[in-house]
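Q: Next one to model:
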Amino acid sequence: MFNEITEKDVEKINEEIDYRINVLRPQISQEIIDAKAHGDLSENDEYHSARRRKGQNEGRIEYLRQMLKTAKIVSHDNNHGEVGLFDKVSVFFVDEGTEEVIRLSTTLRNDASQGIISRESPFGRAVFGKKIGDRVTVTVNDTYSYDVVIKDIEKADDSDIDLPIV
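A: Residues are numbered from 1 along each chain as shown. As a prediction, the model looks like this:
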């Protein structure tokens with residue numbers, strides 16, 4: 001399995017790796033040194049907290065490096081009139097009788113609470129490449145699916161969906 005990411009995602013990931021190596025790593029190392037100076041390590045909460053932060057930081061660096069190694073670079077270029085990556089899509093949920101605007105993004109930038117859904121999700125896979133007026137069945141699993149109708153497509157790019165830096 002791989003994550004689909006854009007060139008901008010690659011830049012942001014590299015920025016985070018650089019920040020974690022060149023800023024956080026030395027900062028955390030200094031915190032460990034300072035905490036060691038307080039004496040007995042067995043009851044030294046500052047020391048244990050700093051060691052935990054070091055492990056989390058190193059784990060995140062490794063995760064990001066692995067992501068870059070295994071990711072598939074995708075372009076946000078898409079056909080006019082079809083749902084593409086980063087587009088705002090107005091959809092009508094047939095069973096509920098409601099309409100929502102949902103935006104497709106890469107997995108790294110999805111945020112369902114903000115209406116930003118991964119292109120790799122069941123919804124994203126179902127509507128990607130469809131046109132205004134198309135009725136689409138979104139299959140969530142073997143026992144649940146629902147229909148949506150594409151009402152409008154607002155073309156966009158990835159410039160206004162930030163990649164969260166953790």
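Q: what does the model give L163 for pLDDT?
A: As summarised for this prediction, L163 has a pLDDT of 57.
Q: Please apply the same query to D157.
A: Predicted confidence (pLDDT) for D157: 71.
Q: Now do it: how many residues are near it, please.
A: Each residue near D157 was counted by other CB atoms under 10 Å, and the total is 15. Glycine gets a C-beta too; all of them are placed from N, C-alpha and C.
Q: Tell me which helix or strand comes right after the longest helix along the chain.
A: Of all segments of type helix in the chain, defined using DSSP state H, the longest is helix 45-70. Reading on from helix 45-70 to the C-terminus, the next helix or strand found by DSSP states H and E is strand 72-73.
Q: how close does the residue nearest the centre of the chain get to I117?
A: In the chain, the C-alpha nearest the mean C-alpha coordinate belongs to L108, at 1.7 Å (CA atoms, centre = their mean). L108 sits 13 Å away from I117, taking CB to CB, to the nearest Å as the criterion.
Q: any idea where the strands of this protein begin and end?
A: With DSSP state E as the criterion, the chain has strands at 4-5, 72-73, 88-93, 98-105, 116-118, 135-141, 144-154.
Q: Rebuild those strands as TSV, extending it with mean pLDDT.
A: Listed next are the strands of the chain as TSV, based on pLDDT from 0 to 100:
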stretch	mean pLDDT
strand 4-5	82
strand 72-73	84
strand 88-93	94
strand 98-105	92
strand 116-118	88
strand 135-141	95
strand 144-154	95
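Q: Show me the one of the ones you listed that comes nearest R53.
A: Of all the strands of the chain, the one in closest proximity to R53, counting by CB to CB, is strand 4-5 (26.4 Å).
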